[in-house]
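**Student:** okay, predicted coordinates and the sequence, questions at the end:
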Amino acid sequence: MTILILIQILFPLVLIGWLAFLQPRNLLGMGVQALVTAIALVAIARMGIWVFPPWWTPYLYGVLFLLALGLGVTKHQPKHRMPLSWPGWVMVVGCVAFGVYVGNEAVRSWAGPFPAAASAVDLTFPLRGGHFLIVNGGSNIRINAHLKTLDESVPRFQAYRGQSYGTDIIQVNRWGLRSRGISPKQPGAYLIYGAPVFAPCAGQVVQAIDGLPDMIIPETDQVNRAGNHVILRCGEAEATPLFEAIA
């Protein structure tokens with residue numbers, strides 16, 4: 001998780017700094033650089049897990065992008081329309097290739113909020129009061145890591161396919177933060193800890209497990225992998241309202 005946090009903070013800032021202080025001296029290069037930077041920021045915003053930095057960080061990056069673009073255009077006036085040397089063309093081609101890749105990822109991520117091909121079950125939101133965010137969910141692996149368990153080429157995923165369309169929910173405060181600290185080890189430091197969970201359907205309780213001790217984050221119980229949970233039968237499907245702090 002620490003690596004992901006660093007990527008989501010440092011990589012956008014590097015792109016924005018590159019746009020502000022290292023713009024090419026030709027119009028084509030400047031345009032390609034600005035466009036690719038914008039596409040990359042959109043892709044990061046779409047596919048990042050914004051538990052820390054908080055959910056509003058991509059909007060801050062958008063403001064910084066506009067400021068960097070204005071600074072770069074003002075400071076580095078293009079002298080030519082096209083690159084005059086082969087390194088300039090290499091930079092343009094490299095930027096275009098990178099832009100095509102991140103653009104494809106960003107476009108594909110937009111399919112995530114749409115229903116999956118699997119049968120859908122109508123559930124109500126199981127939490128009340130406060131502000132909640134979905135950090136993993138949807139029908140596309142770019143915004144829902146649970147979908148990787150559908151990969152039939154990995155035998156160990158077979159036992160976990162019941163959570164393939166799972167949704168991770170966090171509670172945040174007015175500042176968009178989910179806990180006291182960046183990634184605390186104690187579950188009680190997270191806002192969602194102890195929140196009442198309501199049945200998402202008027203179904204039948206199939207199984208209820210309680211009494212297992214809380215784990216120090218990010219440790220997991222290797223014996224009781226599901227932890228404390230309730231399984232509800234909602235029509236022809238089973239749902240498990242299981243809430244964990246994402247650390």
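**Tutor:** In hand now; what should we look at? Residues are numbered from 1 along each chain as shown.

**Student:** packing partners for the helix or strand harbouring V90?
**Tutor:** Secondary structure assignment for V90, by DSSP states H and E: helix 86-109. Packing partners of helix 86-109 (3 or more Cβ pairs under 8 Å, 6 or more residues apart in numbering; DSSP states H and E): helix 27-47. No exception for glycine: its C-beta is placed from N, CA and C like everyone else's.

**Student:** ok, M91 touching P83?
**Tutor:** Yes - with contact defined as Cβ atoms under 8 Å, M91 reaches P83; the gap is 7.5 Å.

**Student:** follow-up on the earlier one: what angle separates the helix holding V90 from helix 27-47?
**Tutor:** 30 degrees (axes from the mean of the first three to the mean of the last three Cα atoms, to 10 degrees).

**Student:** contacts for helix 86-109, please.
**Tutor:** The contact list for helix 86-109 (Cβ atoms under 8 Å, 6 or more residues apart in numbering) reads 24, 26, 28-29, 32-33, 35-36, 39-40, 42-43, 46-47, 83, 140, 142-143.

**Student:** of those, just the buried ones, ChimeraX syntax please.
**Tutor:** The command below creates a ChimeraX selection of those among the contacts of helix 86-109 that count as buried (16 or more other Cβ atoms under 10 Å):
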select :24,26,28,29,32,33,36,39,40,42,43,46,47,83,140,142,143
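
**Student:** and the residue nearest to G48 when sequence neighbours are not counted, how many neighbours does it have?
**Tutor:** In space, and not counting its chain neighbours, G48 is closest to Q8: 4.9 Å by Cβ to Cβ, 6 or more residues apart in numbering. As a burial measure, Q8 scores 22 neighbours (other Cβ atoms under 10 Å).

**Student:** re the thing from before, give me the mean pLDDT for the helix holding V90.
**Tutor:** Computed over helix 86-109, the mean pLDDT rounds to 92.

**Student:** buried stuff in it?
**Tutor:** For helix 86-109, burial by neighbour count (16+ other Cβ under 10 Å) applies to G88, M91, V92, C95, G99, V102, G103, E105, A106, R108, S109.
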